[in-house]
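> I'll drop the sequence and a predicted model, then ask my questions.
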Amino acid sequence: MNKPLKTIRETKPLIHHITNWVTIYDCANMTRAFGALPVMAHAPEECAEMTGISSALVLNIGTLTSEIIDSMLLSAAAANEKKIPIVLDAVGVGATKFRDEMAAKILGSARIDIIKGNYSEIAKLAGESAETKGVEATSINADPVKIAKQFAKLSSSVIVMTGKEDIISDGERVFVVKNGHELMGSIVGTGCMAASVIGLFAAVNPDYCEASREALCYFGVAGELAASKSNGPGSFKVNLYDEVFNLSDEKVKSMMNFEEQ
Amino acid sequence: MNKPLKTIRETKPLIHHITNWVTIYDCANMTRAFGALPVMAHAPEECAEMTGISSALVLNIGTLTSEIIDSMLLSAAAANEKKIPIVLDAVGVGATKFRDEMAAKILGSARIDIIKGNYSEIAKLAGESAETKGVEATSINADPVKIAKQFAKLSSSVIVMTGKEDIISDGERVFVVKNGHELMGSIVGTGCMAASVIGLFAAVNPDYCEASREALCYFGVAGELAASKSNGPGSFKVNLYDEVFNLSDEKVKSMMNFEEQ
Amino acid sequence: MNKPLKTIRETKPLIHHITNWVTIYDCANMTRAFGALPVMAHAPEECAEMTGISSALVLNIGTLTSEIIDSMLLSAAAANEKKIPIVLDAVGVGATKFRDEMAAKILGSARIDIIKGNYSEIAKLAGESAETKGVEATSINADPVKIAKQFAKLSSSVIVMTGKEDIISDGERVFVVKNGHELMGSIVGTGCMAASVIGLFAAVNPDYCEASREALCYFGVAGELAASKSNGPGSFKVNLYDEVFNLSDEKVKSMMNFEEQ
């Protein structure tokens, strides 16, 4: 897409989240800082209706319960019917049996357009041996590019593996995004926020693989700009919001750093 | 009231919130920054008892569930019995049928002293045709001053409609508050925080219409002061807390901007 | 311990929290800023398993429900079996009968290694007459040092009473920590964060009394450093994260301020 940020700010897509209680506020605020509108609604009585007026659905299992999963399934069905993109952030898959089962339940019950996680979460979902230390990535044995590409083919989803370099594949194309800064890992929630950002780029771009790549480049550029002014995680987070708010398509274009493999 | 902020800081009223999971932290912190004490407690086994030791009750349906609504009704009954003010922030009314029904249930089950929402939320509650884009206001056809005044008469509540200008009415008086800054709309939660601020001013002033007007002037002045030092939503939020903390009745008096119509 | 912070940053202990919805984000971020890894998981289907891969368990009843208490008991049993430290932050004990009962239920069902609260919360738990204003301390009649020491003996737990001076006792030793700054009380959540910090120091030091003392010294030093650069609660919180991130064992050593009584 030529000017995705301009499009987001002009169309202000509504991004419905069913997410975790740790980073819910940051997911909402990051959505707003990019110029889209967040809404968080998880009651089974209304979640499908809320999805029905939204332009993307972001699911995050960070503090899942079986009730929340039921609401996710209701919203996912509504999103599939409306043909709006669903992003699943597979937080903590590999850490407990329950997370593995619930992630599998979601993937088995709805078409998930974009599956996102860190290296070990995606490796585990793809059937590789991998464990997750709580919600943190551990090292994996297999080649992440190969995992992303194969799992994308198998699932017919766009796969997003986040880490020092982010890998994105739709089974044919593979993008490696090198934007970002290590301070992004010093605060909790950058991964969750990245899922929101992917959701809002996918809301305005039907090529979800390109949208995911754009999202991580834009977010990563903001992270680089913020890091250059920061003394630690407190000031970094403040600056990250300011930089996202002041991003432009032109500014990002000159700093984008990715490869197509 | 002559010096409401001084009174708040001297009496430290306890403000009981049953609120949403997105902005719960900011509601608590803003209450504290003004000098009052926040408490958040939603378990049905204790919520009425917690209300019973509080000086105001703030209800916010941002991430409502039917269980949370039941707790709100228990606390609202306790607040009515103790004759402490209840503020209802009607977040997202007009977006889903469930929100409309639950808001109606609350309004039908307890005396709500102050009903707050954005233009479209209040218009919808007042029976006008209005839709809400998630939790965001959409344009309304009717005159907001007329809606506020009529709905206040009908409900015997103080009505607070927030937007570029805030409208407050008890059915007789109408205040239009012009304090505030557009950066307040760039972060999630200023509306929710405003409800907390109304709650803590109402806790020390039995004239709830005046208390609501004061609350929005004070909060708006802090927003203006913060905006003048900020580069975006990240720094704005930091500065907003600092400015609220450093407010004084004298400082606000010189910057207050409202009309009585 | 000689260099606890170095040990934490090298071993990155996983700290499992079952906590409240107000400060959950700050507990996670503070854990990360110190160099440990936070995980928050409360579903009954997975919480014990998550505890099983963790190095400490932090329980906080700030927004308790009976379901959350059930999950806490499952995790506490797993922590006892694995012999990892449990910290209980008794938020709001003394404010409602339900909190008192649920705190008693936890203490009666599991071995709690470290019991933390403000002066009135601990006094109430220890059987003294004390009330809590919501989640805020009120003045107590008895001598806090005596309460801490006696209650530690009675419960065979380390007792941590936080206030202007923090009192820590295992029934034999009594430490009085004087680090900290009054701005720490201007933001919501420093108490909750302190419990997380105690958890991560206890994760690497089997002498829980010393670990608790270290935790409060380190956190208090960061608070002092942050306060010296701050204009109010907004900038204080930002600086607190930066200062924690930039702490070193050497820096804290030169500023530590505590007595053994």
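Sure thing, it's come through. Bear in mind the structure is a predicted one, so any value in this text is a computation, not a measurement. Numbers count the residues shown, from 1 in each chain, chains lettered A, B, ... in the order given.
> can you tell me how far the residue nearest the centre of chain A sits from residue A:85?
Residue closest to the average C-alpha location in chain A (Cα atoms, centre = their mean): residue A:195, at 1.7 Å. Distance of residue A:195 to residue A:85, given as Cβ to Cβ, to the nearest Å: 11 Å. Every residue, glycine included, has its C-beta placed from N, CA and C.
> residue A:213 now?
Relative to residue A:85, residue A:213 is positioned 14 Å away (Cβ to Cβ).
> next: residue A:20.
Plainly put, residue A:20 is 20 Å away from residue A:85 if you go by Cβ to Cβ.
> again, but for residue A:23
Per Cβ to Cβ, residue A:23 is found 20 Å from residue A:85.
> out of those two, which sits in the more crowded spot?
More neighbours surround residue A:23 than the other of residue A:23 and residue A:85, with 30 against 27 (other Cβ atoms under 10 Å in any protein chain shown).
> residue contacts, that one?
Going by Cβ atoms under 8 Å, 6 or more residues apart in numbering or on different chains, residue A:23 touches A:60, A:62, A:188, A:189, A:192, A:193, C:25.
> didn't the third one look like it was pressed against residue C:27?
Translated: residue A:188. No - applying Cβ atoms under 8 Å, one finds residue A:188 not in contact with residue C:27, separated by 9.4 Å.
> what sits in contact with each of the two?
Residues touching both residue A:188 and residue C:27 (Cβ under 8 Å, 6+ apart): residue C:38.
> close to chain B: what parts of the stretch 1-150 of chain A are there?
With Cβ under 8 Å from any Cβ of the partner chain as the criterion, the stretch 1-150 of chain A meets chain B at residues A:14, A:16, A:21, A:24-25, A:28-29, A:32-33, A:37-43, A:45-46, A:49-50, A:53-54.
> give me the subset of those that also touch chain C.
For chain C, the contacts drawn from the residues of the stretch 1-150 of chain A next to chain B by Cβ under 8 Å from any Cβ are A:21, A:25.
> what is the burial count for the residue lying closest to residue A:232 once chain neighbours are set aside?
Computed as Cβ to Cβ, 6 or more residues apart in numbering or on different chains, the closest residue to residue A:232 that is not its neighbour in sequence is residue C:242, at 3.2 Å. For residue C:242, the neighbour count with other Cβ under 10 Å is 23.
> residue A:248 now?
Neighbours of residue A:248 using other Cβ under 10 Å come to 11.
> residues contacting it?
Residue A:248 touches residue A:5, counting by Cβ under 8 Å, 6+ apart.
> next one, pLDDT for it please.
With respect to pLDDT, residue A:248 scores 98.
> re the thing from before, tell me the pLDDT at the residue nearest to residue A:232?
Value for residue C:242, per-residue pLDDT: 98.
> please apply the same query to residue A:12.
So, for residue A:12, pLDDT stands at 97.
> and if you look at the one 10 residues further on?
The score at residue A:22 is 96. That number is its pLDDT.
> so who does it touch?
Per Cβ under 8 Å, 6+ apart, neighbours of residue A:22: A:62, A:63, A:188, A:189, A:192, C:24, C:25, C:28, C:40.
> give me the residue from the stretch 51-200 of chain A nearest chain C.
Closest to chain C within the stretch 51-200 of chain A is residue A:134: 3.2 Å, counting by Cβ to the nearest Cβ.
> what residues are up against the nearest residue to that residue once chain neighbours are set aside?
Distances taken as Cβ to Cβ, 6+ apart put residue C:39 closest to residue A:134, at 3.2 Å, once the chain neighbours are dropped. Neighbouring residues of residue C:39 by Cβ under 8 Å, 6+ apart: A:92, A:95, A:134, A:135, C:14, C:15, C:16, C:17, C:50, C:54.
> least confident of those residues?
Lowest pLDDT of the contacts of residue C:39: residue A:135, 77.
> just the contacts of residue A:22 now: which is nearest residue A:173?
Nearest to residue A:173 among those: residue A:192, at 25.1 Å, using Cβ to Cβ.
> for that closest one, grab phi and psi.
Main-chain torsions, residue A:192, degrees, to the nearest 10: phi -60, psi -40.
> and the pLDDT for it?
For residue A:192, the predicted pLDDT is 97.
> hang on, isn't it packed against residue A:61?
No - contact criterion Cβ under 8 Å: residue A:192 and residue A:61 do not qualify, at 10.6 Å.
> which residues do those two both contact?
Common contacts of residue A:192 and residue A:61, defined by Cβ under 8 Å, 6+ apart, comprise A:20, A:89, A:91.
> same for chain C: which of those residues are within range?
Filtering these for neighbours of chain C using Cβ under 8 Å from any Cβ leaves residue A:20.
> chain C contacts on chain A?
For chain A, the residues in contact with chain C (Cβ under 8 Å from any Cβ) are A:20-23, A:25-26, A:62-66, A:92, A:95-99, A:133-136, A:186-189, A:230-235, A:237-238.
> for the nearest residue to residue A:135 once chain neighbours are set aside, grab phi and psi.
Distances taken as Cβ to Cβ, 6+ apart put residue A:92 closest to residue A:135, at 4.5 Å, once the chain neighbours are dropped. Main-chain dihedrals, residue A:92, degrees, to the nearest 10: phi 80, psi 0.
> got the contact list for the helix or strand containing residue A:76?
Taking DSSP states H and E as the criterion, the element that holds residue A:76 is helix A:66-82. Outside helix A:66-82, the residues that touch it by Cβ under 8 Å, 6+ apart are A:16, A:18, A:42-44, A:47-52, A:54, A:56-57, A:59, A:61, A:85-86, A:102, A:105-106, A:109-112, C:43, C:45.
> re earlier: ok, the residue nearest to residue A:135 touching residue C:41?
Yes - Residue A:92 is within contact range of residue C:41, at 7.2 Å (criterion: Cβ under 8 Å).
> give me the more crowded residue out of these two.
Ranked by neighbour count (other Cβ under 10 Å), residue A:92 and residue C:41 place residue A:92 first, with 33 against 29.
> and the helices in the stretch 1-150 of chain A, which stretches?
A:4-11, A:24-34, A:47-52, A:66-82, A:97-109, A:119-125, A:144-155 (DSSP state H, counting those that start in this stretch).
> how many neighbours does the residue nearest to residue A:74 when sequence neighbours are not counted have?
Setting aside the residues directly before and after it, residue A:74 is nearest to residue A:48 in space (Cβ to Cβ, 6+ apart), at 4.6 Å. When neighbours are defined as other Cβ under 10 Å, residue A:48 has 21 of them.
> give the contact list for residue A:48.
Neighbour list for residue A:48: A:74, A:75, A:77, A:78 [criterion: Cβ under 8 Å, 6+ apart].
> repeat that for residue A:8.
Contact analysis of residue A:8 by Cβ under 8 Å, 6+ apart lists A:34, A:35, A:36, A:200, A:201, A:203, A:204.
> same thing but at 10 Å, please
A:1, A:15, A:31, A:34-36, A:55, A:197, A:200-201, A:203-205, A:218, A:249 (Cβ atoms under 10 Å, 6 or more residues apart in numbering or on different chains).
> what of residue A:58?
Counted by Cβ under 10 Å, 6+ apart, residue A:58 has contacts A:15-19, A:27, A:31, A:38, A:40, A:75, A:85-89, A:114, A:116, A:192, A:195-200, A:202-203.
> likewise residue A:186?
A:227, A:230, A:232-234, A:236-237, C:29, C:32-33, C:35, C:241, C:245.
> is residue A:241 in contact with residue A:26, as I believe?
Yes - in this structure residue A:241 lies within contact range of residue A:26 using Cβ atoms under 10 Å: 9.1 Å.
> mutual contacts of these two, please.
Residues touching both residue A:241 and residue A:26 (Cβ under 10 Å, 6+ apart) are residue A:33.
> common neighbours of residue A:195 and residue A:85, please.
Joint contacts of residue A:195 and residue A:85 (Cβ under 10 Å, 6+ apart) are A:58, A:114, A:212.
> what's around residue A:79, how many residues?
Other residues lying near residue A:79 total 26 when counted by other Cβ under 10 Å.
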